[in-house]
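Trainee: Can you look at this prediction? I've put the sequence above it.
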Amino acid sequence: AQSVTQLDSQVPVFEEAPVELRCNYSSSVSVYLFWYVQYPNQGLQLLLKYLSGSTLVKGINGFEAEFNKSQTSFHLRKPSVHISDTAEYFCAVSEGIGGTSYGKLTFGQGTILTVHP
Amino acid sequence: DTGVSQDPRHKITKRGQNVTFRCDPISEHNRLYWYRQTLGQGPEFLTYFQNEAQLEKSRLLSDRFSAERPKGSFSTLEIQRTEQGDSAMYLCASSLIPGHVPYATNEKLFFGSGTQLSVL
């Protein structure tokens, strides 16, 4: 079984400050890792994903994440946030090679990022 | 591409009543997923279809829940004898994977805005 823990339920930051949203996972099998964003009254949107290869993954809107296998972490970062980044962010995993469906995701509890002017 | 559409957006019902939600995936998408999201939690996988075949159901899905995708296009999720614990946001997502490949790492999910169910 897999599980995902997002260590912060809420993260307030000021505009143009850097931000890191933390995510740890546990799994007995290889996994693929994702970050999704949910804006108010909108569906979840994929920010970025890690399948294999380079451990630093770049996504949309200037976000990036680093996969650390030894620490089983996949933290999301942005060097300078904007008001429009205010949203809820979800870390998720799916089973890697040998899994039944790439779209069968296990999500973390979510982190609400609030960017203040 | 009009996106994934879910209907209704909100549903209020009394305990013990049956409810049905509808999901219209993006046209031509062959996979359709249902997730449930309770307050303060991330979405939880419920079930998914490839075309009209239901390939997997979560153990979270009790016998009161049933999902169908009769023609491989839209899907319905029915909850019988609703309980207060069923109150949640029900999310639908669709994707397109090529041919008869069972697993595709380029599969991209598109989520709808969800149906918010409140059971009184």
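Mentor: Sure thing, it's come through.

Trainee: for chain B, what helix or strand is lowest in average pLDDT?
Mentor: strand B:53-57 (a mean of 91; mean pLDDT, DSSP states H and E).

Trainee: so does that one get close to chain A?
Mentor: Yes: using Cβ under 8 Å from any Cβ of the partner chain, strand B:53-57 reaches chain A at B:55-56. To be clear about C-beta, it is placed using only N, CA and C from the backbone, and glycine gets the same treatment.

Trainee: ok, A:H82 - contacts?
Mentor: By Cβ atoms under 8 Å, 6 or more residues apart in numbering or on different chains, the contact list for A:H82 reads A:15-16, A:115.

Trainee: So for A:S3, what's the nearest residue that isn't a sequence neighbour?
Mentor: Among residues not flanking A:S3 along the chain, A:S26 sits closest, at 5.1 Å (Cβ to Cβ, 6 or more residues apart in numbering or on different chains).

Trainee: Is it correct that that neighbour is in contact with A:F74?
Mentor: No: here A:S26 lies out of contact with A:F74, judged by Cβ atoms under 8 Å, at a distance of 11.9 Å.

Trainee: between these two, which one's more packed in?
Mentor: Each of A:S26 and A:F74 has its neighbours counted (other Cβ atoms under 10 Å in any protein chain shown); A:F74 has more, 29 against 12.

Trainee: Let's see stretch B:107-120 as CSV, backbone CA atoms only.
Mentor: Output of stretch B:107-120 as CSV, limited to C-alpha atoms (Å, rounded to 0.1, in the frame of the first residue of the first chain):
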residue,chain,number,x,y,z
GLU,B,107,-1.6,9.1,-19.6
LYS,B,108,-2.8,12.5,-18.5
LEU,B,109,-5.8,12.9,-16.3
PHE,B,110,-8.3,15.8,-16.8
PHE,B,111,-10.5,16.5,-13.8
GLY,B,112,-13.9,17.9,-13.6
SER,B,113,-15.0,20.4,-11.0
GLY,B,114,-16.9,17.8,-9.0
THR,B,115,-20.3,17.3,-7.5
GLN,B,116,-20.6,18.3,-3.9
LEU,B,117,-23.0,16.0,-2.0
SER,B,118,-24.5,17.0,1.4
VAL,B,119,-26.4,14.3,3.2
LEU,B,120,-28.6,15.8,6.0
